[in-house]
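Undergrad: Test case, fold it:
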Amino acid sequence: MYIKHSFSVIILVALLLTQPAELQAQVAIDEIIVTSNRIPIPARQLGTSVSVLDFEGIDSRGTLALADVIRQMPAVAASSNGGLGNATTLRIRGEEGFRTLTYLDGMRLQDPSAPQVATDFSNLVSSGIGRVEILRGPQGLAYGADAGGVINLNTRSASEPFELNLEAQAGEFGTRQTSGNLIGHAESLDYFLSVADFNTDGFNNRPSDLIADEDGYENQTLHGRLGYALSERWRLDLVHREVDGSNDYDGCFGSLGPSGDCSSDYGMQASRLGLEFLSEGFSHELSYTRTRTERQDFTASVPTFGSQGEQVRGEYIGSATTLDGVDLIWGFDYQKDVANSMGRKNQGAFVELLSDFSQAFFLTAGLRYDDNEDFGANTSFRLSTAFLLETRAGTLKFKAALGSGFRAPSPFEIQYNRGPYAFPPATSSPLVQEESRGWEVGAQLDAEKYHLEAIIFDQSVSNAIVFDLVGYSGYLQDLGRGVSSGIELIADFRITEALRASANYTYNEADRPDGSQRFRRPNHLFNFGLRFAGFNDRMTVNAFYRSQAEAIDIGQIALEDFGVLDLTASFQITEMLRVYGRIENTLDEEYREILDYNTAGLAAYIGIKLKFSAF
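TA: Purely as a prediction, here's the structure:
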């Protein structure tokens, strides 16, 4: 199957290269990106790799889980333990999901009480999300040395003074979602408020479950954002988010042994207060974020394992953009993670120089220092460069980046190895920190009607911490250097004013230090999208195809290659009313992302959206 995928990409790229270049609108290459350097930077200046999905792209996919949107972006692989609400992992360039940081409206979405300090994508819905930026590769400089990639999410912003959006949809597996958001702005004030209620009866998660019952999921999410301009230079921001989730799953243990009657409750509250100062050549931003999470598992309705976590983070970021030939960015951060009463502090500082002496050649160089309460001092760095060349075909950009980082063992990993369930070899020696390094080189071509990009990457992690899946003794150190390397090909083409095609392909070899393939890392990922808009954009039809090939699971058992086709369509009946439909897994492909875990078959959904606005 991967040969077919590669051939499809080659055909698409060839078609794009044969098209005449007209006016070079430079929309994509001049887009403002925040994720890479923590301040707004035009994409043309970046030596790092960033992919962006705006609200139109998110809305056109229509999926309820945000992970199902993100997994279609370049170099992102996903796996889930069954249906919605179950453990979901996103891996960028083959690295572990917990090495990727996720921000939402400036807040870190992390749970210190989880086995690894990571984002819980199983309880993150797409409702209200207006933009996704994904920064690939080691990015420890500005975000903390454990960042093996960054997903930056923003909720919707107002284009009108007042806008109220209401939505309801229903479909297969008893799925129902109602949501609404309020967006607006005034002279000094802007705001966003979103509420979503989601329920599904689900399907049986595991073929080995003898009960073969449905495993359902419920989610209630509240998110608010308020911004106020205190003056022409000072701005205050407040963000708050609450999530309550409850899901059924299979494969837990009770007093009588293994059971299929399992459930879990999840709660999260996060708040952020930010103060920003902007002048002609300088900016300063100070923020405080606090996140609390709580989990409780049940077997046959009897409480079993529970955990509580809290993360407190303070950040300061400053910039100077009027210096001679160079821009300067610097920052300080303090973070405390607490998992079930065990806490750890980390303090960090970074500085980065961005060249400003040319409009065609750009350099960045940055250094970061971290002082971890348990693992001492560490230094990490990032270098990047970009060179632009105007051609008849469009703007040609060459880029390269090199970065490093580290990850200290999580509080849970340390606690587990000290607890009653761990034994040798896991308890034979204490865990040490992981160290990472990665580089990439690439080229891209941007014109009015198309975007082409090719990237070669290589990144490694030394002394990776893994759970002992053979003897179940606890957490072990995978001594040596594990490598993840590959190629990314990305294409976006506007065929006509009404028809647009996009595709991305990733070849990724992710190996352990002994040379064996890492679990659930497909060697081949392919995504293709086709969008048609007609009747003055009142009607849209979308097709999305995603596939993966050559992945293995525990025991070196090969997972079958698969491809999934989703279709969506919508029609704007009036300015206020839009109806839409979605067919997921249109070809009813039977596949598994993890051994002994089912995935959803053919499923259809229908919904309506109401929009009320004031000018």
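
Undergrad: Tell me where the stretch 51-200 of the chain is predicted with low confidence.
TA: For the stretch 51-200 of the chain, residues meeting the criterion pLDDT under 70 lie at 139-140, 145-147.

Undergrad: just the strands in it please.
TA: Secondary structure of the stretch 51-200 of the chain (DSSP state E, counting those that start in this stretch): strands at 76-80, 88-92, 101-104, 107-108, 129-136, 149-155, 162-171, 175-185, 189-203.

Undergrad: Mind giving me the packing neighbours of the second one?
TA: Same thing as strand 88-92. helix 66-70, strand 76-80 (3 or more C-beta pairs under 8 Å, 6 or more residues apart in numbering; DSSP states H and E). For every residue, glycine as well, the C-beta is placed using N, CA and C.

Undergrad: Give me the buried positions along it.
TA: By neighbour count on 16 or more other C-beta atoms under 10 Å, the buried set for strand 88-92 is T88, T89, L90, R91, I92.

Undergrad: hmm, back to that, in TSV: the helices and strands packed on strand 88-92, plus distance to I608 and mean neighbour count.
TA: Shown next, in TSV, are these (distance: least, C-beta to C-beta, whole Å; neighbours: other C-beta atoms under 10 Å):
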stretch	distance to I608	mean neighbour count
helix 66-70	21	23
strand 76-80	28	23
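
Undergrad: can you list the weak-confidence ranges in the chain?
TA: 1-28, 139-140, 145-147, 615.

Undergrad: ok, now which ones touch D492?
TA: A28, Y450, H451, R500, A501, S502 (C-beta atoms under 8 Å, 6 or more residues apart in numbering).

Undergrad: out of everything not next to it in sequence, what's closest to S287?
TA: Spatial nearest neighbour of S287, chain neighbours left out: G274 (4.0 Å); criterion: C-beta to C-beta, 6 or more residues apart in numbering.

Undergrad: what do you get for S355?
TA: Per C-beta to C-beta, 6+ apart, closest to S355 is L363, 4.2 Å.

Undergrad: If you tally nearby residues, what's the number for that neighbour?
TA: Around L363 there are 18 other residues, counting by other C-beta atoms under 10 Å.

Undergrad: May I ask which helix or strand encompasses it?
TA: Using DSSP states H and E, L363 sits within strand 361-372.

Undergrad: quick one: contacts of that strand?
TA: Strand 361-372 is contacted by residues 37, 45-47, 140-142, 144-145, 329, 344-355, 377-388, 406, 408, 433 when judged by C-beta under 8 Å, 6+ apart.

Undergrad: out of the residues you listed, which are buried?
TA: For the contacts of strand 361-372, buried by 16+ other C-beta under 10 Å: 37, 45-47, 140-142, 144-145, 329, 344, 346, 348, 350-355, 378, 380-388, 406, 408, 433.

Undergrad: most centrally placed residue in this protein?
TA: The residue lying closest to the centre of the chain (C-alpha atoms, centre = their mean) is I151, at 4.2 Å.

Undergrad: Quick check: that one vs Y580, distance?
TA: For I151, the distance to Y580 (C-beta to C-beta, to the nearest Å) stands at 26 Å.

Undergrad: wait, what's in contact with L278?
TA: Residues counted as contacts of L278 (C-beta under 8 Å, 6+ apart) are R233, R235.

Undergrad: My guess is G405 contacts G149. True?
TA: No: the pair G405 and G149 does not pass the contact test of C-beta atoms under 8 Å, sitting 10.4 Å apart.

Undergrad: Which secondary structure elements does the helix or strand following the strand holding L363 sit against?
TA: The C-terminal neighbour of strand 361-372 among helices and strands, as given by DSSP H and E, is strand 376-391. Other elements packing on strand 376-391 under the criterion 3+ C-beta pairs under 8 Å, 6+ apart are helix 140-143, strand 361-372, strand 394-407.

Undergrad: in its sheet, what does strand 376-391 sit against?
TA: strand 361-372 (antiparallel), strand 394-407 (antiparallel) (DSSP bridges).

Undergrad: which stretch among these comes nearest T599?
TA: strand 394-407 (30.1 Å; C-beta to C-beta).

Undergrad: I would like the residues contacting the following helix or strand past the closest one, please.
TA: Downstream of strand 394-407, the first helix or strand assigned by DSSP H and E is helix 411-418. With C-beta under 8 Å, 6+ apart as the test, helix 411-418 has contacts from 112-117, 307, 337-340, 342-344, 374, 422, 426-427, 430-431, 465, 474-475.

Undergrad: What pairs with the next helix or strand after helix 411-418, parallel or antiparallel?
TA: Proceeding N to C from helix 411-418, the next assigned helix or strand is strand 434-446, under DSSP H and E. The pairing partners recorded for strand 434-446 under DSSP bridges are strand 394-407 (antiparallel), strand 450-467 (antiparallel).
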